[in-house]
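*Asks:* Sequence first, then the predicted structure:
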Amino acid sequence: MLNNAVVKKDNFLSSILNKSCYAIKGSIKKNFTFKNNSFYYLKMEASNKGQQRVFLKKKFELIEKNLIFFGKYKKKKSRNLEIVNVKRNQRKMKFSSDLFKFENSRFFNDRRIPKKTSINLKQKWLNNFFKRKRGDKLYVLKKNNEIVGYILMFIVKNLAIIDLINIKTNYRKKGFAKEIINEFFLNHSKIKYLQAGTQSKNKSAISFYKSIGLKLIKKLNVYHLHT
């Protein structure tokens with residue numbers, strides 16, 4: 001039986017992995033039984049050692065360590081790049097598959113999930129914006145009529161949360177990610193704060209979030225189980 005936990009089916013992941021997928025929130029008892037031919041995942045405070053031992057005994061695998069950053073964003077003058085505030089009815093947008101290779105993400109780190117499946121997952125993840133199923137705002141950066149970067153945001157009152165952000169490899173370290181974020185805040189003056197997450201081994205992302213004034217506020221461990 002469950003103890004202070006919620007196990008909720010993830011229909012989106014189920015459609016990608018072709019098996020029942022479930023998100024776990026909270027704690028479980030040691031005698032809880034998981035369904036066969038299924039996928040389970042959870043994010044847990046890194047300090048919760050007791051529950052971590054329970055999940056590891058259930059054969060969950062520690063896939064990644066997440067770092068959550070938060071802070072008040074300070075807007076800067078725009079560089080006048082071609083950054084588009086995408087509307088949901090703008091369906092005819094061509095995104096390169098390179099923009100969905102999140103090599104540090106938990107899906108790419110899971111050896112049981114093929115790399116092509118992980119790329120397809122992120123593509124459909126972004127496409128859910130146009131279906132009104134995920135995200136509140138999408139901004140894209142264009143160079144020579146090519147989409148070279150994007151950011152997908154959730155908005156909660158005066159807080160923006162980065163759901164997805166990526167810049168094509170050849171265009172990185174040019175300040176473009178900062179410009180997309182800055183453009184978002186210039187267009188949404190009532191939003192003051194920014195939250196973002198990344199993996200502990202993603203040193204470039206960590207440096208980037210610190211460079212725009214965000215502070216580390218939380219550490220999470222991410223676990224997967226394939227039954």
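*Replies:* Arrived safely. Numbering: from 1, shown residues only.
*Asks:* hey, let's count contacts and neighbours off CA atoms from now on
*Replies:* Fine.
*Asks:* What residues sit buried inside the worst-scoring helix or strand of the chain on mean pLDDT?
*Replies:* Within the chain, no helix or strand scores below strand 2-9, which has a mean of 76 by mean pLDDT, DSSP states H and E. By neighbour count on 16 or more other C-alpha atoms under 10 Å, the buried set for strand 2-9 is residue 7.
*Asks:* Tell me which other helices or strands that strand touches.
*Replies:* In this structure, strand 2-9 packs against strand 20-28, with contacts taken as 3 or more C-alpha pairs under 8 Å, 6 or more residues apart in numbering; DSSP states H and E.
*Asks:* just how off-centre is the strand it packs on within its chain?
*Replies:* Remark: strand 20-28 is offset 18 Å from the chain centroid, using C-alpha atoms, centre = their mean, to the nearest Å.
*Asks:* Which is the succeeding secondary structure element to that strand?
*Replies:* The element immediately downstream of strand 20-28 (helix or strand, assigned by DSSP states H and E) is strand 38-45.
*Asks:* Would you mind pulling the contact partners of that following strand?
*Replies:* 19-25, 52, 218-227 (C-alpha atoms under 8 Å, 6 or more residues apart in numbering).
*Asks:* returning to what we had before: CA atoms only: put the least confident helix or strand of the chain into PDB for me.
*Replies:* Coordinates of each C-alpha in strand 2-9 appear next as PDB, following Å, rounded to 0.1, in the frame of the first residue of the first chain:
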ATOM      1  CA  LEU A   2       1.000   3.600  -0.500                       C
ATOM      2  CA  ASN A   3       2.200   5.800   2.300                       C
ATOM      3  CA  ASN A   4       2.000   9.500   1.700                       C
ATOM      4  CA  ALA A   5       2.500   9.000  -2.000                       C
ATOM      5  CA  VAL A   6       0.700   9.700  -5.300                       C
ATOM      6  CA  VAL A   7       1.300   7.400  -8.300                       C
ATOM      7  CA  LYS A   8      -0.100   9.100 -11.500                       C
ATOM      8  CA  LYS A   9      -0.100   7.700 -15.000                       C
END
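*Asks:* Next, the angle strand 38-45 makes with that strand.
*Replies:* 120 degrees (axes from the mean of the first three to the mean of the last three C-alpha atoms, to 10 degrees).
*Asks:* Could you list every helix and strand that whatever helix or strand comes next after strand 2-9 packs against?
*Replies:* As assigned by DSSP H and E, the chain's next helix or strand after strand 2-9 is helix 11-17. Helix 11-17 is packed against strand 20-28, helix 115-127, with contacts defined by 3+ C-alpha pairs under 8 Å, 6+ apart.
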